[in-house]
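Trainee: based on what follows, work out the 3D shape:
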Amino acid sequence: MLVAAPVSTLAADGSNDADASQLTEIVVSANKLSTQKILDVPASIQAIGSDSLERTQAAGIMDIAGKIPGLSVQDLGPGDKKYVIRGINSNGDSTTGIYYGEAVISGSNANDGGGFNSDIRLYDLDHVEVLRGPQGTLYGASSMSGTIRFIPKAPNLTEQQGYLSMEGSQTSHASGNYNFNGAINLPIVEGLLAVRLVGWKLYDSGYIDQIRVGVGAVGTPLGLVKGVNDDDVGGGRASVRYQPTDNLTIDANFTVQTEKSGGSSRFTPAGVTSWGSDNMPAVQGCDLCNTDVTASPWSDNLKVFGLTAAYKTGFGTVTATTNQYNRTLGFAFDSTPILVSFGVPVPAETLEPQTRKLNSSEVRFASDLPLPVNFVVGAYRQAERTHWISNVITTNSLGQVEGPFSRDNDQDALANPGVGHTFFGQADQRRTTQWAGFGEATWKVTDQFTLVGGLRYFTEQLQGVQESTHPFGGFPAGPIQGPIADPDQSFNKITYKLNASYKINEALLLYATTSTGFRSGGLNPQSEPFEPIPKSFAPDSLTNYEIGGKGMLLNNQFEYQLDAYVINWRNIQVQETTADGAFPYIGNAGTARVKGVEFEVTAHPIEYVTASFAGSYQDAYLTKGATEDMKAANPTLGLTGESIPNVPKLQFNVGLEYTHPITARWKGTLGTDINYRGAVDSYFSSNTFNIPLDSYTLVNLRAGVLDEQWSITAFARNLTDKRAQISAINSTQDPYGFLTVRPRTVGLSINRKF
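Mentor: Numbering: from 1, shown residues only. Model (predicted):
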C-alpha cells in the first residue's frame with residue numbers, strides 16, 4: 001500500500017489540539033500555480049505549520065531539521081549552517097535553494113569565509129515548506145537537490161491579534177539563556193490596509209572554553225577564556241498588506257537580524273594533541289575545549305526587503321515580486337597553524353569580512369482556466385555583488401590583532417618581525433547576473449490522471465576583480481600591480497521536469513517524476529605567487545528519478561508518505577587544494593549516484609495522542625572518482641566507490657504528544673521527540689584528514705499546560721547531554737576539531753496570545 005514518495009504533514013495551522021477529530025493538512029503553493037493540500041501534491045514536500053513551530057519552541061533550523069526526512073545540516077556554529085538534501089553535498093554554492101517569502105537567500109560559498117546559509121529565526125512563520133528533489137524548473141539554480149521555503153505570516157486585514165513569548169533556560173557546561181519574541185497585527189483601515197510587526201531577542205551562553213588564548217613568555221601558561229561561542233541575536237520584521245480591491249493585493253516587508261558570537265564552536269576532543277611550536281606548546285584536548293591561540297569573533301548582519309503585487313484576472317493571476325537580500329559577515333579564524341607549517345611560528349588571525357548584495361525579481365502568470373490544461377509561465381532575473389577581503393595580521397598576548405592591516409612593505413610581519421603586523425592580504429570582488437525563463441503546465445487528463453511538464457532556460461554572466469593587497473613577504477621590487485580583472489565567464493543551462501500522478505481515490509495518490517537541477521559556476525580567488533589555481537569552475541547538474549505515494553487510512557487518522565529515488569550527479573563542484581594542502585579552491589571532478597528512500601507517518605492512534613515517525617535511507621557514493629595520478633597530486637579528492645562525506649545512510653525522528661483536559665479551561669500536554677543520525681565521514685575516507693563521526697541519538701522532552709490564550713511549558717533539550725558529532729574540521733589550516741549540538745538545556749517558556 002505504501003508505494004513511494006514523501007510529502008509530509010506535521011501539525012497544520014489552527015490545529016494545535018492533539019485530540020482533534022482528525023489530522024489536518026497545511027495548504028501550500030509550491031507549484032506557483034494554485035494552493036494545494038499536502039496530500040494532493042504529487043511530489044516530495046513536507047510542511048511544518050506555525051502551531052508545530054510554537055509547540056516545540058522552534059527558534060532556528062536546528063530545532064526542526066531532525067523532523068525532515070532526507071535533510072542533514074552541517075552546523076559550524078552561530079549563523080553558519082549548510083543544508084544538505086538527499087545527500088547532494090559538496091563545496092561551492094548551496095545545493096539547496098533557500099527562500100524567505102519570495103526572497104532568494106541561498107548560501108554562497110564565495111571563497112572560504114562564511115560560505116554557509118544565514119540562520120534567520122523562525123518566529124511568526126505561517127509554515128516551512130521543504131521540497132525534496134530538484135526544483136530546477138520553478139526555482140532555478142541551487143535548487144538542485146531541493147528547496148526550503150520559510151513563509152512568514154501575512155498581515156490580517158480584519159483582526160487585531162498577536163502574541164508574546166518569554167523563555168529562560170540553563171545549559172550544562174555554560175550558563176543562563178533567554179529568549180523574548182512577539183508579534184502584533186494591526187488593521188490600519190479594516191479590509192484595506194494592515195501592518196504586522198515581529199521582534200525577537202535571544203542570547204545563548206557559550207559552552208566552548210578556549211584554553212590557550214594568546215602567547216606569553218616562555219614557560220608562562222596561556223590564557224583561558226570561558227564560553228567563547230555565545231550567540232547574541234536580535235531581529236525583527238515589518239510587513240504591510242494593502243488590498244484596494246478584491247483582485248489586487250500588494251505586500252511589502254522588511255526583515256533585519258544581527259548575530260554575534262565571541263568565538264569558534266569547534267573543540268579538540270580528549271585524546272587528541274593540538275598542534276604546537278616552541279613558543280606555543282601543544283596541549284591535550286578535552287571535553288568542549290578549543291585549542292586556538294587567537295580570538296575568533298563572528299558577526300552576521302542581514303537585511304531582507306520584499307515587494308510583491310498579485311493581480312487576479314478572469315483567467316489567472318499575475319504576480320510581480322522584487323526582493324533584496326544584503327548580508328555582511330565578520331568572519332575570522334586562527335591562521336597560526338598554517339604559519340607554523342610554513343616555519344613561521346608567529347600567532348596571527350585571518351580576518352575575512354564579506355559583503356553580499358543579491359537582488360531577485362520575478363514576473364509570472366498562473367492561469368485559472370476552466371480547461372483540463374493550466375500553466376504557470378514567468379521570467380526571472382538575479383543580480384549579485386560580493387566583496388571579500390582576506391587579511392592576515394599578527395596577534396598579541398590576548399589573542400587579538402595587534403594593529404591595522406597595512407599594504408606597506410615596511411609593515412610586513414615576515415620581513416620586519418616585531419615591527420610589522422601584516423602577513424598577507426587580498427581582495428576579491430564579483431558580480432553575477434542571471435536571467436531565466438520558465439514554464440510548467442498541468443494537464444488533468446482525467447479526474448484521476450494528471451500530467452505535469454516544465455522547462456527552464458538559464459543563462460548567467462560572471463565578472464570578477466582580484467587584487468593582491470599585501471603578498472606574503474611583501475611586494476617584490478618594481479611597480480606594484482593593481483587590481484586584475486578576471487576573464488568574463490558565461491554559462492547556460494536547460495532544466496526540465498516530467499511528472500505523472502494517479503489519484504486512485506481520495507485516500508491514495510501515486511506519482512512518478514523525472515527532474516533535473518543544477519547550480520551556478522563561479523570564480524576562484526588566486527593565491528599566486530604560491531601556486532596557480534584554476535580561475536573558474538563550471539556548473540554541475542543532476543537528474544532525479546522518483547516514484548512515490550501518499551494517503552490516509554482508518555478514517556483519516558493515519559497519514560503516510562513514502563518515496564524512492566535515484567539521482568545521477570555530474571561534473572561535481574568539489575573543494576580541491578594546492579599540492580601543499582595550504583590553499584583551497586573549487587574545481588569540477590567526477591560523478592556520483594544517490595539511491596534513497598524517504599518515509600513519513602503521522603497518526604492519531606487513540607484519543608488525545610498524536611504520533612509521528614519520519615526518516616530516510618540514502619546511499620550516496622562516487623561513481624567516477626579521482627585517478628591515482630589525481631589522488632597523488634591532490635589527496636583531498638575521493639576515489640570511485642567512496643561515500644560522499646557528511647551524508648548519513650540512516651536517519652529518523654520519532655515524535656509523541658499527549659494532550660488531555662485537566663479542567664474545564666486548561667489542558668495538560670506531554671511531548672517528546674527522538675532524533676537519530678547514522679555515522680558519517682567528515683571527508684572522503686581515503687583523505688588523511690578524514691574524521692569519522694559517530695552515530696548519535698538526541699532526546700527532547702516537554703510538559704506544560706495551555707488554554708485558549710496561555711501556554712506554559714517546561715522543557716529539556718538534549719536530555720542525555722549527548723556530544724553529538726554533527727560536523728568536523730581538519731586540515732593544515734584548520735586542525736582537528738569537532739562540532740556538537742548544544743549541551744543539555746533545561747528551561748521554562750511562557751506564551752500569551754491576544
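Trainee: now the strand or helix carrying Asp428: buried residues?
Mentor: In the assignment (DSSP states H and E), Asp428 maps to strand 422-444. Across strand 422-444, burial judged by 16 or more other C-beta atoms under 10 Å covers 422-434, 436, 438-442. C-betas here are computed from N, CA, C, even on glycine.
Trainee: any idea how far Pro584 is from Glu642?
Mentor: Distance of Glu642 to Pro584, given as C-beta to C-beta, to the nearest Å: 19 Å.
Trainee: I should have written Tyr496 there, sorry.
Mentor: Distance, Tyr496 to Pro584, using C-beta to C-beta: 34 Å.
Trainee: who has more neighbours out of the two?
Mentor: Neighbour count, other C-beta atoms under 10 Å: between Tyr496 and Pro584, Pro584 has more, with 19 against 16.
Trainee: quick one: that one and Thr720, what's the gap?
Mentor: For Pro584, the distance to Thr720 - C-beta to C-beta - is 36 Å.
Trainee: roughly how far out does stretch 593-602 sit from the chain middle?
Mentor: Stretch 593-602 sits 20 Å away from the centroid of its parent chain (C-alpha atoms, centre = their mean, to the nearest Å).
Trainee: just stretch 129-149 next, same as before
Mentor: On the basis of C-alpha atoms, centre = their mean, stretch 129-149 sits 13 Å off its chain's mean C-alpha point.
Trainee: next one: stretch 497-512
Mentor: So, by C-alpha atoms, centre = their mean, the centroid of stretch 497-512 is 30 Å from its chain's centroid.
Trainee: show residues contacting that stretch.
Mentor: 1, 3-5, 39-40, 42-43, 134, 136-137, 440, 447-455, 513-516, 546-553, 556 (C-beta atoms under 8 Å, 6 or more residues apart in numbering).
Trainee: so which of those residues sit within helices?
Mentor: Among these, DSSP state H puts Gly136, Thr137 in helices.
Trainee: thinking again about what came up before, now for the strand holding Asp428, which elements pack on it?
Mentor: Judged by 3 or more C-beta pairs under 8 Å, 6 or more residues apart in numbering; DSSP states H and E, strand 422-444 is in contact with helix 136-139, strand 373-394, strand 449-470.
Trainee: point out the other helices and strands that the first one packs with.
Mentor: For helix 136-139, the elements it packs on are strand 422-444, strand 449-470, strand 489-505, strand 508-519, judged by 3+ C-beta pairs under 8 Å, 6+ apart.
Trainee: give me the mean pLDDT for the helix or strand just after the shortest one.
Mentor: Same thing as strand 508-519. Later in the chain than strand 508-519, the nearest helix or strand by DSSP H and E is strand 522-523. For strand 522-523, mean pLDDT rounds to 80.
Trainee: so how far is strand 522-523 off the chain centroid?
Mentor: So, by C-alpha atoms, centre = their mean, the centroid of strand 522-523 is 21 Å from its chain's centroid.
Trainee: can you redo the helices and strands packed on helix 136-139 as a markdown table with distance to His604 and mean pLDDT?
Mentor: Formatted as a markdown table, the helices and strands packed on helix 136-139 follow (distance: least, C-beta to C-beta, whole Å; pLDDT from 0 to 100):
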| stretch | distance to His604 | mean pLDDT |
| --- | --- | --- |
| strand 422-444 | 31 | 94 |
| strand 449-470 | 29 | 93 |
| strand 489-505 | 20 | 93 |
| strand 508-519 | 18 | 94 |
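Trainee: can you add distance to Thr386 and give those strands back as CSV?
Mentor: Output for the helices and strands packed on helix 136-139, formatted as CSV (distance: least, C-beta to C-beta, whole Å):
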stretch, distance to Thr386
strand 422-444, 5
strand 449-470, 9
strand 489-505, 15
strand 508-519, 16
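Trainee: so which of these is nearest Ala413?
Mentor: When those are compared by C-beta to C-beta, strand 422-444 sits nearest Ala413, at 4.9 Å.
Trainee: wait, which of the helices and strands packed on strand 422-444 is closest to Asp93?
Mentor: strand 373-394 (10.4 Å).
Trainee: and the closest one, what does it pack onto?
Mentor: In terms of contacts (3+ C-beta pairs under 8 Å, 6+ apart), strand 373-394 is packed against strand 348-367, strand 422-444, strand 449-470.
Trainee: gap between Leu202 and Glu167?
Mentor: Using C-beta to C-beta, Leu202 is found at 8 Å from Glu167.
Trainee: got any residues that touch both of these two?
Mentor: Common contacts of Leu202 and Glu167 (C-beta under 8 Å, 6+ apart): Asn177, Tyr178, Asn179, Phe180.
Trainee: neighbours of the closest residue to the last one other than its chain neighbours, how many?
Mentor: What that stands for is Phe180. Excluding the flanking residues, the one nearest Phe180 by C-beta to C-beta, 6 or more residues apart in numbering is Lys201, at 5.0 Å. Using other C-beta under 10 Å, Lys201 has 14 other residues around it.
Trainee: what of the one 3 residues further on?
Mentor: Applying other C-beta under 10 Å, we find 24 residues neighbouring Asp204.
Trainee: ditto for Arg407
Mentor: 14.
Trainee: so where is this structure shaky, pLDDT-wise?
Mentor: Regions of the chain meeting the criterion pLDDT under 70 cover residues 1-25, 77-79, 109-115, 215-222, 525-532, 577-583, 733-734.
Trainee: strands of the stretch 551-700 of the chain, start to end?
Mentor: 558-570, 573-577, 584-588, 591-603, 609-624, 650-661, 667-677, 680-681, 692-693, 696-706 (DSSP state E, counting those that start in this stretch).
Trainee: and the ones you listed as JSON lines, adding distance to Ser299?
Mentor: Below are the strands of the stretch 551-700 of the chain laid out as JSON lines (distance: least, C-beta to C-beta, whole Å):
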{"stretch": "strand 558-570", "distance to Ser299": "35"}
{"stretch": "strand 573-577", "distance to Ser299": "25"}
{"stretch": "strand 584-588", "distance to Ser299": "23"}
{"stretch": "strand 591-603", "distance to Ser299": "35"}
{"stretch": "strand 609-624", "distance to Ser299": "34"}
{"stretch": "strand 650-661", "distance to Ser299": "32"}
{"stretch": "strand 667-677", "distance to Ser299": "30"}
{"stretch": "strand 680-681", "distance to Ser299": "30"}
{"stretch": "strand 692-693", "distance to Ser299": "28"}
{"stretch": "strand 696-706", "distance to Ser299": "28"}
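Trainee: re the thing from before, right, so of the helices and strands packed on helix 136-139, which gets closest to Gly146?
Mentor: Closest among the helices and strands packed on helix 136-139, using C-beta to C-beta: strand 508-519, at 8.6 Å.
Trainee: buried residues in the closest one, which are they?
Mentor: Neighbour counts over strand 508-519 (16+ other C-beta under 10 Å) mark Leu508, Leu509, Leu510, Tyr511, Ala512, Thr513, Ser515, Thr516, Gly517, Phe518, Arg519 as buried.
Trainee: and of these, the nearest to Ser145?
Mentor: When these are compared for distance to Ser145 (C-beta to C-beta), Gly517 wins out at 6.8 Å.
Trainee: I'd say His421 and Gln400 touch.
Mentor: No - His421 is beyond contact range of Gln400, at 11.5 Å (criterion: C-beta atoms under 8 Å).
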